[in-house]
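Participant: Sequence first, predicted coordinates after that:
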Amino acid sequence: MKTMKSISYWVAIAVGGLAMAGCGKSDAPSGGAGPVEVGIVDVQSEKASLTTELPGRTSAFQISEVRPQVNGIVQKRLFTEGGDVKAGQPLYQIDPAVYQVAYDSAKAALAKAQANLTTASNKAVRYDELVAIKAVSQQEFDDTQAALKQALADVDTAKANLESARINLGYTQVRAPISGRIGKSSVTPGALLTANQAAVLTTVQQLDPVYVDLTQSSSELLKLKRDWESGRLKRVSDKEASVKLLLEDGTPYGVEGKLQFSDVTVDPSTGTLTIRAVFPNPKGNLLPGMYVRAVLESGTTSDAILVPQQGVSRDSKGNPVAMVVNGEGKVEARTLKTERTVGDKWLVNEGLKSGDKLIVEGLQKVQPGLAVKAVPVGKNASALVPAAASAPAAEHKQ
């Protein structure tokens, strides 16, 4: 039994030694492997258009709340709810009987006043001739002149009364004050209306064009102004700036708008100010109250450093960091200052310069100070795929 235990012991030691020898052989090749391959892009300064994306909501270009201007009973509704109406188009018919009578009475009063004016005018002419030959007294002449002036005033008063009656009679047809899309009616035939009542009969909104009210932070506006003054950004136009629009579902609106004005007061509760743009809306796709995002072109810069987003990561403090290959072929970490994204790239203000070799592929395999082999992405990007895929196969072979 002791002899059998001794043999087992020495066999175990021999097997362990062979296993260790085998491990030593498998580790040897990895220790002599070349530098890690990484994909890099050459950083270059370029001309770029900078845009600002702002949230906003649409609103009607014009809104008119329709109310009656005379009292009366509604006889007819003369429009289709939700349809388009033209300015001046009749919307409601109020019973005109009372106002027609007032108009006819005013018309008769004017005719009477004009008849009295004719009599007074003829008498004044005759007395003017008679007073010259002393055939009438001066007092009688003065009375005829006063009567003529009174008759003229009566005619003017009658004309004003007739015009007022005509206007009130016209108000029995409630007309659309503007062209646009009309909403639902709040009254039906038979309803009693009161002049200038608080309740709205209906609302007409002009939807072509439409307003888009945007909000921009005051700090962003100040930064843009500083960039313009320093010459870093060039203005797109000193007049109206064009604006593009993204709808609620992210699809672009097919027609460009124009920036109309920027508010002069900052909202103290939000630190933002309002910017208004005008957009054509020939098909009526934009409705009041829709949430949209507008894209404004802030300006252009001729020396922008734009780098792919996959080449920028964050450190433990949240600062943007990039890995570059320096002149010695080693990895070097750079802390960046990024301003914004432009398309699918970061706009870098500090940390990178033209000519730097930015690592965009293989970042998980490198660390600062490690010697690497830089492979330009785009020229020989496929060389990285076999290198990564062949590693597990080599291990399996060993």
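Facilitator: Received the coordinates, thanks.
Participant: which residues of the stretch 201-350 of the chain fall in strands?
Facilitator: In the stretch 201-350 of the chain, the strands defined using DSSP state E, counting those that start in this stretch lie at 202-217, 242-246, 257-262, 272-279, 291-308, 312-314, 320-325, 331-335, 337-342, 345-350.
Participant: do you know which of those strands lies nearest Q139?
Facilitator: Of all the strands of the stretch 201-350 of the chain, it is strand 202-217 that lies closest to Q139, at 62.7 Å by CB to CB. Bear in mind the C-beta positions are built from the backbone N, C-alpha and C, glycine included.
Participant: on that earlier part again, for the strands of the stretch 201-350 of the chain, give me JSON lines that also has distance to Y99 and mean pLDDT.
Facilitator: As requested, the strands of the stretch 201-350 of the chain are arranged in JSON lines below (distance: least, CB to CB, whole Å; pLDDT from 0 to 100):
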{"stretch": "strand 202-217", "distance to Y99": "22", "mean pLDDT": "92"}
{"stretch": "strand 242-246", "distance to Y99": "48", "mean pLDDT": "86"}
{"stretch": "strand 257-262", "distance to Y99": "42", "mean pLDDT": "79"}
{"stretch": "strand 272-279", "distance to Y99": "41", "mean pLDDT": "87"}
{"stretch": "strand 291-308", "distance to Y99": "47", "mean pLDDT": "83"}
{"stretch": "strand 312-314", "distance to Y99": "76", "mean pLDDT": "89"}
{"stretch": "strand 320-325", "distance to Y99": "75", "mean pLDDT": "91"}
{"stretch": "strand 331-335", "distance to Y99": "81", "mean pLDDT": "90"}
{"stretch": "strand 337-342", "distance to Y99": "65", "mean pLDDT": "81"}
{"stretch": "strand 345-350", "distance to Y99": "69", "mean pLDDT": "86"}
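Participant: Turn these into CSV, columns for mean neighbour count.
Facilitator: As requested, these are arranged in CSV below (neighbours: other CB atoms under 10 Å):
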stretch, mean neighbour count
strand 202-217, 20
strand 242-246, 18
strand 257-262, 16
strand 272-279, 20
strand 291-308, 18
strand 312-314, 15
strand 320-325, 20
strand 331-335, 17
strand 337-342, 15
strand 345-350, 18
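Participant: Dump the ones you listed into a markdown table; add distance to A111 as well.
Facilitator: Below are the strands of the stretch 201-350 of the chain laid out as a markdown table (distance: least, CB to CB, whole Å):
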| stretch | distance to A111 |
| --- | --- |
| strand 202-217 | 39 |
| strand 242-246 | 61 |
| strand 257-262 | 53 |
| strand 272-279 | 52 |
| strand 291-308 | 61 |
| strand 312-314 | 90 |
| strand 320-325 | 89 |
| strand 331-335 | 94 |
| strand 337-342 | 78 |
| strand 345-350 | 81 |
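Participant: now the helices for this protein?
Facilitator: Ranges of helices in the chain, per DSSP state H, are 2-31, 97-132, 138-170, 218-230, 384-397.
Participant: Lowest mean pLDDT across the ones you listed, which one is that?
Facilitator: Sorting the helices of the chain by mean pLDDT places helix 384-397 lowest, at a mean of 37.
Participant: what sits against V243?
Facilitator: When contacts are counted by CB atoms under 8 Å, 6 or more residues apart in numbering, V243 is found next to 212, 256-259, 277, 279, 294-296.
Participant: Okay, it and V377: tell me how far apart.
Facilitator: V243 is 35 Å from V377, where distance means CB to CB, to the nearest Å.
Participant: now swap in P177 and tell me
Facilitator: Using CB to CB, one gets 63 Å for the distance from P177 to V377.
Participant: Counting neighbours, go ahead and name the busier of the two.
Facilitator: For the pair P177 and V377, the greater number of neighbours falls to V377 (20 against 15), based on other CB atoms under 10 Å.
Participant: how near is the residue lying closest to the more buried one once chain neighbours are set aside to V312?
Facilitator: For V377, ignoring the flanking residues on the chain, the nearest one in space by CB to CB, 6 or more residues apart in numbering is G39 at 4.1 Å. From G39 across to V312, the span is 15 Å (CB to CB).
Participant: Repeat that for V324.
Facilitator: Between V324 and V312 the distance, using CB to CB, works out to 11 Å.
Participant: Could you do D344 as well?
Facilitator: Distance, D344 to V312, using CB to CB: 12 Å.
Participant: cool, V348 as well?
Facilitator: Between V348 and V312 the computed distance is 8 Å (CB to CB).
Participant: do D142 as well
Facilitator: Using CB to CB, which is the criterion applied here, D142 is 101 Å from V312.
Participant: for V324, which residues make a bridge with it?
Facilitator: Beta-bridge pairing of V324, defined through DSSP bridges, involves E332, L358.
Participant: just checking, it touches I359?
Facilitator: Yes: under the criterion of CB atoms under 8 Å, V324 makes contact with I359 at 6.5 Å.
Participant: any common contacting residues for those two?
Facilitator: When contacts are counted by CB under 8 Å, 6+ apart, V324 and I359 have 40, 331 as shared neighbours.
Participant: The biggest strand by length in the chain vs strand 272-279, what angle?
Facilitator: In the chain, taking DSSP state E as the definition, the longest strand is strand 45-66. Here strand 45-66 runs at an angle of 80 degrees relative to strand 272-279 (axes from the mean of the first three to the mean of the last three CA atoms, to 10 degrees).
Participant: list the buried ones in strand 45-66?
Facilitator: For strand 45-66, the neighbour count (16 or more other CB atoms under 10 Å) marks 48, 50-52, 54, 56, 58-61, 64, 66 as buried.
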